[in-house]
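Colleague: Quick one, fold the following:
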Amino acid sequence: MLQEIEALRTKLDETKDEDDQRALEEDVTGKILWLCWCGICAEVDQLLPKVVDYIRSEGDMKGLREIFLVRPSIAPSDDQAHLQRIMRDAGTGTSKYQLLLTARAAEQAMHSQGITQSTTTQRPSTSVV
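Modeller: Next up, the predicted model:
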């Protein structure tokens, strides 16, 4: 994962096109966030059983209830939602940069087909000179 981030970073540094830069920035940011998220989840997976065992051994079940009831109290802002989306995209292997390149290629293909079709479907002039 770190090598992928470094490769994207290098490509970003070499890129001049603003759309490409934005897409690569999202890919880099998403991969970094995904890596951090995976690390946090691994820590929680390791520590949560210890915390639950401790609370049970102390006999204070109220602490477990408090942990269970912890939930985000507000909806994420637009910025948070955007970061969550690019993080999930990275987790599923979706690259904004690759999507951009694919869309450009499709647009160019349609454009070149349109030119080819418009030139091949034109009838010869029938005007008399």
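
Colleague: how about low-confidence regions in this structure?
Modeller: 72-73, 114-129 (pLDDT under 70).

Colleague: make it 50
Modeller: Applying pLDDT under 50 to the chain flags the ranges 123-129.

Colleague: Check which helices and strands the longest helix that it contains sits against.
Modeller: Taking DSSP state H as the assignment, the helix of the chain that covers the most residues is helix 18-58. Judged by 3 or more Cβ pairs under 8 Å, 6 or more residues apart in numbering; DSSP states H and E, the packing partners of helix 18-58 are helix 2-14, helix 61-69, helix 78-92, helix 96-120. From N, CA and C alone the C-beta is placed, and that goes for glycine too.

Colleague: Pull the residues that contact the third one.
Modeller: When you say that, I think you mean helix 78-92. Contact with helix 78-92 is made by E26, D27, T29, G30, K31, L33, W34, W37, P76, S95, K96, as judged by Cβ atoms under 8 Å, 6 or more residues apart in numbering.
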